[in-house]
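**Q** quick one: sequence plus predicted model below, questions after.
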Amino acid sequence: MSQACPLAFRLIDGTLARISTVGVSLFVLLFLFTHQSGFLFFVLVDFIMRLYGFKKYSLILNAAILIKKIFAFKTEMTDAGAKRLAAHFGVLFIILLILESFFSLHVMLYITAAIFLLCSGLEIVFGYCIGCKIYFIVKKIYPSFME
């Protein structure tokens with residue numbers, strides 16, 4: 001197995017994933033500037049809706065579809081497995097940010113946010129998916145992972 005996608009042999013629109021990542025990152029930045037946890041709860045609910053079959057109700061995904069249509073961005077298909085794992089990591093990061101905010105763990109909160117924004121930035125700017133790399137490593141260790 002080489003270290004290139006496809007990994008799950010199911011494809012999704014990578015352009016929508018990147019635009020959605022911009023939206024999620026903006027909400028995390030809004031949280032960092034305002035300290036209003038509602039932004040994180042919104043992102044958490046949106047991630048959960050997208051991960052568990054309620055994509056049509058996802059405001060971030062619907063906004064991404066609209067933005068893609070308005071600006072006529074090309075469709076770039078990418079592996080769904082890696083993006084799904086990246087979304088699970090996104091949920092984990094958002095939960096960590098919520099907990100760190102609740103318990104006033106400011107240093108940890110900013111470190112977590114910085115890591116999240118770095119990974120998101122790599123995806124947005126370069127199309128470099130950390131989830132894809134982690135997925136490949138996990139699939140080598142556990143071949144039946146996420147099947």
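**A** That came through, no problem. Only a predicted model underlies this, so the values are computations on that prediction, with no experimental measurement involved.
**Q** okay, CA-based contacts and neighbour counts for the rest of this
**A** Will do.
**Q** neighbours of the residue nearest to G127 when sequence neighbours are not counted, how many?
**A** Nearest residue to G127 in three dimensions, chain neighbours excluded: R18, at 7.7 Å (C-alpha to C-alpha, 6 or more residues apart in numbering). Number of residues near R18 (other C-alpha atoms under 10 Å) recorded here: 20.
**Q** cool, G131 as well?
**A** Quick note: G131 (other C-alpha under 10 Å) scores 21 neighbours.
**Q** is it in contact with A82, as I believe?
**A** Yes. Because the distance of 5.4 Å satisfies C-alpha atoms under 8 Å, G131 is recorded as touching A82.
**Q** do a quick rundown of the helices in this structure.
**A** Taking DSSP state H as the criterion, the chain contains helices spanning 14-34, 38-51, 59-71, 80-102, 106-121, 130-141.
**Q** need the ones you listed in CSV (columns: mean pLDDT).
**A** As requested, the helices of the chain are exported to CSV (pLDDT from 0 to 100):
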stretch, mean pLDDT
helix 14-34, 94
helix 38-51, 95
helix 59-71, 95
helix 80-102, 90
helix 106-121, 95
helix 130-141, 76
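**Q** nearest to the spatial middle of this structure, which residue is it?
**A** Most central in the chain under C-alpha atoms, centre = their mean is A87, positioned 4.2 Å from the mean C-alpha point.
**Q** from I95, how far out is the nearest residue to that residue once chain neighbours are set aside?
**A** Distances taken as C-alpha to C-alpha, 6+ apart put F47 closest to A87, at 6.9 Å, once the chain neighbours are dropped. Per C-alpha to C-alpha, to the nearest Å, F47 is found 11 Å from I95.
**Q** give me the more crowded residue out of these two.
**A** It is F47, of F47 and I95, that has more neighbours when counted by other C-alpha under 10 Å, with 22 against 16.
**Q** ok, back up a step: okay but the residue nearest to G127 is in contact with E123, surely?
**A** Yes. In this structure, R18 is within contact of E123 by C-alpha under 8 Å, at 6.6 Å.
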